[in-house]
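# Using only what follows, build the 3D model:
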Amino acid sequence: MPRFAANLTMLFNEVPFLERFSHAAKAGFEGVEFMFPYDFDKETLRAALDCHGLTQVLHNLPAGNWANGERGIAIMPDRMEEFRRGIASAIDYATVLGCKQVNCLSGIAPAGVADNELRATFVANLTFAASELAKHGIRLLIEPVNRFDIPGFYLHSPDQAASIIADVGSENIFIQYDLYHQQRTQGELIATFRRHQERIAHVQLADNPGRNEPGTGEIAYPFLFDALDGLGYDGWIGCEYKPRTTTEAGLTWLTAASKQTESASILKIRS
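Coordinates of the predicted model:
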């Protein structure tokens, strides 16, 4: 069964950010991810990981002015120098945190810029980022995001991501496959995963509708966990969802998934 990482941007919001590491460890998570580390001292974050025996699984590249609604700058022709400065900052943090992969959010397509220019900018930025990150043993990920939650988001499907990856031509760029975004965009969760499996380096989850914890919506997560296991996916699954009530109250799905894993292991031994 894949390993689960708590997304500390969205889980354990009942406590301040730096306290969420201990709550994640107590809940049974061995890895954590979060959107952005840059507002915190990197050595403080490293100490929190070490104190609670956690692995930093993922964080994002700088993505512009998030508070003002920006959701990435990688497609913006007039922000290329800012994007490149962000790569250096991401490498600095990822190196200290022991984080082996970072995610690039493409951004919302700006009005008045032709699609071919947006794509050319994106490819150029990703080519640079993949090369620089490779020097430090860090993988570059790109994430398709549904356009219901973020209207106008440029990168919106795994097929589009695969096409862009082919244009980049690097061995150091992969897809971050978010099951919630895929369900909202077109469904076909396992068929799409299978089609792009060689380039999928990280999976995230949330149920739909509501983007809440597994078991609250239409996605058959017990089936998905078994299917991913059967396909040989052994990476992390980031739990990037909004708890319906409190984080702890909504973790019954994790207990059930652990029992599912134990049962599968027993069956394998018996067979």
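# Which secondary structure state is assigned to the nearest residue to residue 178 once chain neighbours are set aside?
Distances taken as C-beta to C-beta, 6 or more residues apart in numbering put residue 204 closest to residue 178, at 4.2 Å, once the chain neighbours are dropped. The C-beta positions use only the backbone N, C-alpha and C, and glycine is treated the same way. When classified by DSSP: H, G, I helix; E, B strand; the rest coil, residue 204 comes out as strand.
# Retrieve the pLDDT associated with residue 204.
You'll see residue 204 listed with a pLDDT of 98.
# go on, residue 63?
pLDDT, residue 63: 98.
# residue contacts, the nearest residue to residue 66 once chain neighbours are set aside?
What sits nearest to residue 66 in space, not counting adjacent residues and going by C-beta to C-beta, 6+ apart, is residue 36, at 7.4 Å. Counting by C-beta atoms under 8 Å, 6 or more residues apart in numbering, residue 36 makes contact with 9, 59-60, 62-63, 66.
# Kindly report the same for residue 55.
Neighbouring residues of residue 55 by C-beta under 8 Å, 6+ apart: 5, 30-32, 49, 98.
# let's see 7 Å
Applying C-beta atoms under 7 Å, 6 or more residues apart in numbering to residue 55 gives the contacts 30-31.
# and if you look at residue 49?
By C-beta under 7 Å, 6+ apart, the contact set of residue 49 is 21, 56, 97.
# can you do 8 Å?
Residue 49 neighbours (C-beta under 8 Å, 6+ apart): 21, 32, 55-56, 97-98.
# ok, residue 15 to residue 209 distance?
As judged by C-beta to C-beta, to the nearest Å, residue 15 and residue 209 stand 27 Å apart.
# same check, this time on residue 162
For residue 162, the distance to residue 209 - C-beta to C-beta - is 27 Å.
# do residue 249 as well
Noted for residue 249: a distance of 19 Å to residue 209, by C-beta to C-beta.
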